[in-house]
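1. take this sequence and fold it.
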Amino acid sequence: MTEAVRRGVWLEINASPSGSTCTAPSSAPPKPRARGFTISTDAHHPKHLANVKYGVLTARRGWLGPADIMNTRDATEFAHALKTRP
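-> Below you'll find the predicted structure:
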């Protein structure tokens, strides 16, 4: 995680129950924090989009909130975040 912070990258929380996930620690907020996280369903069929709930649960378990999840932002904020990456 420290290298992600240094490079200013976003980390993916893969919400697919059959894929590997970025498991956030459940006891305390991760420090230092990465620049941000995204939640991905890795969907290959429309019904797989419902798996986003697993990504949200993983994020909550790691004390992450909407401000930490890049793809919870509106289109303008997200575009700005893409432009301001280091």
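2. pLDDT at residue 26, what is it?
-> We note a pLDDT of 50 for residue 26 in this prediction.
3. and if you look at the one 10 residues further on?
-> Here, the pLDDT recorded for residue 36 equals 82.
4. ok, it to residue 14 distance?
-> Distance, residue 36 to residue 14, by Cβ to Cβ, to the nearest Å: 15 Å. Bear in mind the C-beta positions are built from the backbone N, C-alpha and C, glycine included.
5. distance from the chain centre to stretch 57-69, please.
-> Distance of stretch 57-69 from the chain centroid (Cα atoms, centre = their mean, to the nearest Å) equals 8 Å.
6. tell me the buried residues in it?
-> Under the neighbour-count criterion of 16 or more other Cβ atoms under 10 Å, stretch 57-69 has 58-59, 62, 64, 68-69 buried.
7. same deal with stretch 2-17?
-> So for stretch 2-17, counting by 16+ other Cβ under 10 Å, buried means 4, 10-11, 13-16.
8. kindly report the same for stretch 40-52.
-> For stretch 40-52, by 16+ other Cβ under 10 Å, it's 40-42, 51-52.
9. start to end distance for it?
-> End-to-end span of stretch 40-52 (Cα to Cα, to the nearest Å): 7 Å.
10. and the average pLDDT for that stretch is what?
-> Stretch 40-52 comes out with an average pLDDT of 90.
11. same question, stretch 55-73
-> 88.
12. so how far is that stretch off the chain centroid?
-> Centroid separation between stretch 55-73 and its chain, computed with Cα atoms, centre = their mean, is 6 Å.
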